[in-house]
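K.L.:
Model the structure of this input:
(one chain, ligands or ions: 1)
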Amino acid sequence: MSRVILSRYLIEQARSNNTPDDLCFLIEAVARACKEISQVVSKGALGGILGSMGTENVQGEEQKKLDVISNEILLKANEWGGHLAAMASEEMGHAYQIPRKYPKGANLLVFDPLDGSFNIDITATVGTIFSVLHCPNEYLSQNEVLNEKAFLQPGTEQVAAGYAIYGPQTMLILTVGDGVQGFTLDREIGSFVLTHEDMNIPASTQEFAINMSNQRYWEEPVIRYVGELIAGQDGPLEKNFNMRWVAAMVADVHRILIRGGLFMYPRDRREPSKPGKLRLMYEASPMSFLVEQAGGASTNGYQRILDIQPKGLHQRVAVFLGSKEEVERITAYHKQ
Ligand code: F6P
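P.N.:
Numbering: from 1, shown residues only. Sure, this is the predicted structure:
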């Protein structure tokens with residue numbers, strides 16, 4: 001049987017599911033950029049790309065050289081195609097305007113160019129997360145600078161989302177709102193090949209992921225729930241749970257898409273002004289779209305993440321996502 005590469009999957013989606021052509025071209029451009037990032041990541045010290053830039057991003061976090069390189073690769077791969085009205089990224093304070101020499105399109109691309117970048121120096125998994133939105137008509141203009149308010153749409157408005165994971169294999173996990181498909185990069189032919197069709201998250205699980213070192217800052221519902229997970233079969237949940245934490249959201253979410261589980265990054269009392277660590281628009285929202293498309297659930301403890309109306313490009317949010325039964329349980333504990 002012939003193998004289905006990403007281009008064929010997208011062309012067939014355009015035929016059968018009315019996925020617009022410009023969205024297909026855009027996803028191909030993102031995928032090309034991810035192949036390039038994968039190549040650069042794999043060079044490590046040989047490419048002189050490890051370590052810090054000596055700068056901070058807009059959220060005051062140290063930027064790794066590869067954060068900046070990956071951001072640049074994504075901008076350059078996507079600015080010329082005529083499919084985008086603008087781009088926004090974790091690494092830039094403001095939206096990136098399409099240079100005047102190129103035509104503009106009707107989509108908005110938001111990304112975290114290198115998620116989990118502190119894993120780079122230890123050769124552990126990192127990834128790229130992306131989300132595509134339609135640019136509302138009132139913000140579309142060939143000549144004017146795009147107003148950033150165009151990006152501030154709830155996750156339910158996403159037309160596509162996905163991530164590339166750079167681990168022992170490079171994979172691209174994608175949804176265009178018709179389930180979740182996983183493609184593995186075949187380096188011999190240079191294409192992403194469909195290897196994980198219709199990925200599905202089992203409703204129940206015995207695995208969870210959380211950074212336990214923050215326990216003393218957690219709020220009551222999380223303390224109660226994690227206590228019950230750890231109590232295992234001797235506690236109220238009456239089953240044992242295993243714990244995993246890769247410290248790269250792509251890797252933890254990928255594990256959940258493969259075999260189920262619960263990922264938590266709760267809001268905590270470390271910095272009361274910040275409602276959680278993860279960013280809504282380019283981390284929580286695209287991952288929630290994927291997780292829901294795979295049959296899982298995702299909330300901030302109180303409401304569905306995809307329903308949250310963003311107030312800013314770099315807004316933070318608490319995240320509980322993965323197997324439905326456990327997301328529902330921790331959400332119920334918050335509401336009690
Ligand atoms: O937001 C970036 C990120 O690296 C996520 O990919 C990951 O889940 C989380 O932060 C790890 O946070 P911590 O360093 O607090 O464990």
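K.L.:
give me the number of residues near residue 121?
P.N.:
For residue 121, the count of nearby residues is 14 (other CB atoms under 10 Å). The C-beta positions use only the backbone N, C-alpha and C, and glycine is treated the same way.
K.L.:
so it, which of the three states?
P.N.:
Using DSSP: H, G, I helix; E, B strand; the rest coil, the structure places residue 121 in helix.
K.L.:
Tell me the spacing between it and residue 61.
P.N.:
Here the criterion is CB to CB, to the nearest Å. By it, residue 121 lies 15 Å from residue 61.
K.L.:
Residue 256 belongs to a helix, doesn't it?
P.N.:
Yes. Looking at residue 256 with three-state DSSP, it is inside a helix.
K.L.:
can you pull up the bridge partners for the closest residue to it other than its chain neighbours?
P.N.:
For residue 256, ignoring the flanking residues on the chain, the nearest one in space by CB to CB, 6 or more residues apart in numbering is residue 322 at 4.4 Å. Beta-bridge pairing for residue 322 (DSSP bridges): residue 262, residue 297.
K.L.:
Does residue 322 touch residue 204 like I think?
P.N.:
No. Residue 322 is beyond contact range of residue 204, at 10.6 Å (criterion: CB atoms under 8 Å).
K.L.:
What does residue 159 show for phi and psi?
P.N.:
Residue 159 adopts backbone torsions of phi -100, psi -20, taken as degrees, to the nearest 10.
K.L.:
Quick one: residues contacting the residue nearest to it when sequence neighbours are not counted.
P.N.:
Nearest-residue entry for residue 159: residue 132, 5.2 Å, with adjacent residues in sequence omitted and distances by CB to CB, 6+ apart. Counting by CB atoms under 8 Å, 6 or more residues apart in numbering, residue 132 makes contact with 23, 26-27, 107-110, 158-161.
K.L.:
tell me which element residue 160 is part of?
P.N.:
Secondary structure from DSSP states H and E places residue 160 in strand 158-166.
K.L.:
tell me which parts of the protein are close to the ligand?
P.N.:
115-116, 211, 247-249, 277-278, 283 (CB under 6 Å from any ligand atom).
K.L.:
Kindly indicate which of the residues you listed lies nearest residue 238.
P.N.:
For the residues of the chain next to the ligand, the residue nearest residue 238 by CB to CB is residue 211; the value is 25.8 Å.
K.L.:
residue contacts, the closest residue to the ligand within the stretch 101-250 of the chain?
P.N.:
When scored by CB to the nearest ligand atom, the stretch 101-250 of the chain has residue 249 as its residue closest to the ligand, at 3.5 Å. Counting by CB under 8 Å, 6+ apart, residue 249 touches 115-116, 127, 129, 263, 265, 278, 283, 287.
K.L.:
Okay, and which of those residues map to strands?
P.N.:
Taking DSSP state E, the ones among those that sit in strands are 115, 127, 129, 263, 265, 278.
K.L.:
will you turn those residues into a markdown table that also has neighbour count and pLDDT?
P.N.:
Converted to a markdown table, the ones in strands among the contacts of residue 249 look like this (neighbours: other CB atoms under 10 Å; pLDDT from 0 to 100):
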| residue | neighbour count | pLDDT |
| --- | --- | --- |
| 115 | 29 | 97 |
| 127 | 31 | 98 |
| 129 | 29 | 98 |
| 263 | 27 | 98 |
| 265 | 22 | 98 |
| 278 | 21 | 97 |
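K.L.:
which of these lies closest to residue 45?
P.N.:
residue 127 (20.2 Å).
K.L.:
Please give the element, helix or strand, for the nearest residue to the closest one once chain neighbours are set aside.
P.N.:
With CB to CB, 6+ apart as the criterion, residue 127 has its nearest non-adjacent residue at 2.9 Å, and that residue is residue 250. Using DSSP H and E, residue 250 falls within helix 249-259.
K.L.:
who's in contact with the strand holding residue 160?
P.N.:
With contact meaning CB under 8 Å, 6+ apart, strand 158-166 is reached by 23, 26-27, 30-31, 34, 37-38, 41-42, 107, 115, 125-134, 170-177, 250-251, 253-254, 285-287, 289-290, 306.
K.L.:
Show the average pLDDT along it.
P.N.:
Regarding strand 158-166, the rounded mean pLDDT is 98.
K.L.:
Give me the next element, helix or strand, following that strand.
P.N.:
strand 170-175.
K.L.:
and that following strand, how far out from the chain's middle?
P.N.:
11 Å (CA atoms, centre = their mean, to the nearest Å).
K.L.:
mind listing the strands for the stretch 201-336 of the chain?
P.N.:
All strands of the stretch 201-336 of the chain, identified by DSSP state E, counting those that start in this stretch, fall at 207-209, 242-243, 262-265, 278-279, 297-299, 316-317, 319-322.
K.L.:
In space, what's closest to residue 184 - neighbours in sequence excluded?
P.N.:
Excluding the flanking residues, the one nearest residue 184 by CB to CB, 6+ apart is residue 195, at 4.4 Å.
K.L.:
My guess is the one you found contacts residue 185. True?
P.N.:
No. Using CB under 8 Å, residue 195 is not in contact with residue 185; the gap is 9.9 Å.
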